[in-house]
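Asker: sequence-free structure coming up:
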């Protein structure tokens, strides 16, 4: 029997069994951020523990850092500055590479790690952030951990783990026009529940996945944590190697035959299999307070828990499209890369956001993405349409206690979580693709992106 | 880490909803210090307080109700601990006094965080959880059972988690007993995958 890609990576990293039955798995890369980086490094220092191999540990300021133009260490969050200054000092003391507040490579950890070639096919990469699974798009085994496990990985170069089960999710056929990787992820989670991937490492496969560019694959893998999977990943191919070759921390080329072995064998068996017909997927928008509560933008709100309907302010049976909005937000590790901004700008070009939309904001995923977008003139399109153009960071994907939207605002958002209060107390978040956010901002209400600039959103 | 009580007996506070996420267990704005303590006050802030700023309690929230104010066992639904990897959610629960959570399933990062902080995650069927909710039960880690009156519900637990919780062990210390295995593996891997080792001029 052949091996799955997961089996190949896991077995290649198996250092030893432990007396308790867990396995020590070697960790190739650790990436920290300022929300938990200082806590993990500070505790290691307190315990007198050293970082095993500082050259393979990286850190960035992304969670708390301000995203307003002209930012420094100060944040709107009370006490936020301490996270930044303590992380900076701790990284220096530990000898870790830090991408600081205004470093030209600063950005959201899962956006800059591929940009810099920190993630590579076949590596194990962990970060104390649940969306680390984004980086599985490069054929890496990448997953989110807590602070204690981050300390463990840094101190020992390993993690103590039980082998998860394997799952393959195959997207057969081709996506319809105007349908994106974000819609694939929301469709899968809505159909198979937010807990559907629990206990599994999930390989995304099929023609519709192969057809995605690297950034689309990142969006799909990003949402694996919303499926409760340990990790989500895609087997590397020519697109993957071409994207990474020669980047700062990546090999100059991927010519070694080793790289061609990183795929599931034809006769490999998975513990679970899901097959989805890509042609059945429509642009998706969440209606409730879990990513599983998502429906086609053309559908009517289904019957859910009374508590959810109360919070979101939408009755069962109501059409989702046409629901008036207060805010449009484009950002986050899910959808803030250059291709996301290009697609949103293509819809916004020549349009204005509706006067009823009080706030519209674009937060590029990295300063590299920001520079690229400015070189292409995308910033001008966003600003002309009425969007605010920001510095990079996690920003209002969540409510860090500094900035917020007005209480009770209804937000269309390219982010990953529509949890109660995720973007602030009482905020009603609808997650969707960047093109759906752009179309909805113009309409002033949840809108179908296929009704706007049809050619621009062709898949 | 304090060893898990052998056994733990107490009343089960019912919070029987699915997908209880870590943003709800502790919102980002309640994580005000760079350390691991001082978080219990922000536990379940969106549900526990009618007004979070003034800390006015919401009397409808389960942990504000007299029988459950000092509960050490919490019952949940499916996919408990979904969302952000913030270990603060587990630190807040532990600081407040929770030592075991009984749910249909757990989000993987949350489960791992529980095991590193002395909280036992117990998975049972929803019908069993419904019978235990609000009752006085005994959680027996060694025997892998939850007992309630004459009823017993067996639960599975990863042997690693069982050992760590029962002994209150530090995972890093445990792993460092296998330091030579790690050194041997790393030496071989440096030859096999030199591109992994940044900053090394071998």
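Answerer: Thanks, I have it. Predicted model only: the values in this text are computed from it and were never measured.
Asker: now tell me what touches the helix ranked longest in chain B from outside.
Answerer: Identified as the longest helix of chain B according to DSSP state H is helix B:179-192. Residues from elsewhere that reach helix B:179-192 (Cβ atoms under 8 Å, 6 or more residues apart in numbering or on different chains): A:15, A:16, A:24, A:26, A:156, A:157, A:158, B:175, B:196, B:197, B:200, B:202. Any C-beta I mention is one placed from the backbone N, CA and C, and that applies to glycine too.
Asker: give me the distance between the fifth one and chain B.
Answerer: When distances are taken as Cβ to the nearest Cβ, to the nearest Å, residue A:156 and chain B turn out to be 5 Å apart.
Asker: mind listing what's buried along the longest helix of chain B?
Answerer: Residues of helix B:179-192 classed as buried by neighbour count (16 or more other Cβ atoms under 10 Å in any protein chain shown): B:181, B:182, B:185, B:186, B:189.
Asker: buried by neighbour count, from the contacts of helix B:179-192: which ones?
Answerer: A:15, A:16, A:24, A:26, A:156, A:157, A:158, B:175, B:196, B:197.
Asker: which ones are touching the most centrally placed residue in chain B?
Answerer: Among the residues of chain B, the one closest to the centroid is residue B:114, at 2.8 Å (Cα atoms, centre = their mean). The contact partners of residue B:114, by Cβ under 8 Å, 6+ apart, come to B:81, B:90, B:101, B:106, B:120, B:121.
Asker: gap between the helix or strand harbouring the last one and the chain center?
Answerer: What it means is residue B:121. Of the helices and strands defined by DSSP states H and E, residue B:121 is found in strand B:120-123. How far strand B:120-123 lies from its chain's middle: 8 Å, per Cα atoms, centre = their mean, to the nearest Å.
Asker: does it reach chain A?
Answerer: No - no part of strand B:120-123 sits near chain A under the criterion Cβ under 8 Å from any Cβ of the partner chain; the closest distance found is 9.9 Å.
Asker: looking at the buried residues of helix B:179-192, which is nearest residue A:49?
Answerer: Residue A:49 has its nearest neighbour among those in residue B:182, at 14.1 Å by Cβ to Cβ.
Asker: how much space between that closest one and residue A:27?
Answerer: Distance, residue B:182 to residue A:27, using Cβ to Cβ, to the nearest Å: 11 Å.
Asker: what do these two both touch?
Answerer: Common neighbours of residue B:182 and residue A:27 (criterion: Cβ under 8 Å, 6+ apart): A:157, A:158.
Asker: what's the domain layout of chain B?
Answerer: B:8-169, B:170-202 (automatic domain parsing).
Asker: which element, helix or strand, includes the residue nearest to the centre of chain B?
Answerer: helix B:108-115.
Asker: for that helix, what is the average pLDDT?
Answerer: In this model, helix B:108-115 has a mean pLDDT of 96.
Asker: checking residue B:153 next. Helix, strand or coil?
Answerer: strand (DSSP: H, G, I helix; E, B strand; the rest coil).
Asker: now do the contacts for it.
Answerer: Contacts for residue B:153 (Cβ under 8 Å, 6+ apart) come out as B:124, B:128, B:132, B:145, B:146, B:147.
Asker: now with 6 Å?
Answerer: Contacts of residue B:153 were listed using Cβ atoms under 6 Å, 6 or more residues apart in numbering or on different chains, and they are B:124, B:128, B:146.
Asker: partners of it in the sheet?
Answerer: Beta-bridge partners recorded for residue B:153 (DSSP bridges): residue B:146.
Asker: residue B:127 versus that one, what's the distance?
Answerer: Where residue B:127 is concerned, residue B:153 sits at a distance of 10 Å (Cβ to Cβ).
Asker: go on, residue A:231?
Answerer: Per Cβ to Cβ, residue A:231 is found 31 Å from residue B:127.
Asker: ok so, going back, close to chain A, is whichever helix or strand comes after the strand holding residue B:121?
Answerer: Going down the chain from strand B:120-123, the next helix or strand is helix B:126-132, by DSSP H and E. No - against chain A, helix B:126-132 shows no contacts by Cβ under 6 Å from any Cβ of the partner chain, the least distance being 12.3 Å.
Asker: enumerate the residues of chain B near chain A.
Answerer: Applying Cβ under 6 Å from any Cβ, we find that chain B lies next to chain A at B:19, B:21, B:23, B:27-29, B:32, B:34, B:46, B:78-79, B:84-85, B:87, B:105, B:107-109, B:113, B:116, B:158-160, B:163, B:171-172, B:175, B:178, B:181-182, B:185, B:195-196, B:198-199.
Asker: from residue A:157, how far off is the residue in the stretch 1-150 of chain A that chain B sits nearest to?
Answerer: In the stretch 1-150 of chain A, no residue comes nearer to chain B than residue A:55, which is 3.3 Å away by Cβ to the nearest Cβ. Distance of residue A:55 to residue A:157, given as Cβ to Cβ: 12 Å.
Asker: could you list the domains of chain A?
Answerer: A:5-159, A:165-280, A:319-450.
Asker: is it true that residue A:201 touches residue A:228?
Answerer: No - in this structure residue A:201 lies outside contact range of residue A:228 using Cβ atoms under 6 Å: 11.8 Å.
Asker: three-state assignment of the nearest residue to residue A:5 once chain neighbours are set aside?
Answerer: Nearest residue to residue A:5 in three dimensions, chain neighbours excluded: residue A:264, at 4.7 Å (Cβ to Cβ, 6 or more residues apart in numbering or on different chains). Secondary structure for residue A:264, judged by three-state DSSP, is coil.
Asker: where does residue A:264 land on pLDDT?
Answerer: On the pLDDT scale, residue A:264 gets 98.
Asker: that one touches residue A:4, doesn't it?
Answerer: Yes - between residue A:264 and residue A:4 a contact is recorded at 4.4 Å, counting by Cβ under 6 Å.
Asker: got a list of what the residue nearest to residue A:111 when sequence neighbours are not counted touches?
Answerer: Distances taken as Cβ to Cβ, 6+ apart place residue A:365 nearest to residue A:111, at 3.6 Å, with adjacent residues excluded. In this structure, residue A:365 makes contact with A:107, A:108, A:111, A:336, A:337, A:392, judged by Cβ under 6 Å, 6+ apart.
Asker: for the biggest strand by length in chain B, which positions count as buried?
Answerer: For chain B, the longest strand by residue count, based on DSSP state E, is strand B:8-14. By 16+ other Cβ under 10 Å, the buried positions in strand B:8-14 come out as B:8, B:10, B:11, B:12, B:13, B:14.
Asker: and those as JSON lines, adding pLDDT?
Answerer: Putting the buried residues of strand B:8-14 into JSON lines (pLDDT from 0 to 100) gives the following:
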{"residue": "B:8", "pLDDT": "97"}
{"residue": "B:10", "pLDDT": "97"}
{"residue": "B:11", "pLDDT": "98"}
{"residue": "B:12", "pLDDT": "98"}
{"residue": "B:13", "pLDDT": "98"}
{"residue": "B:14", "pLDDT": "98"}
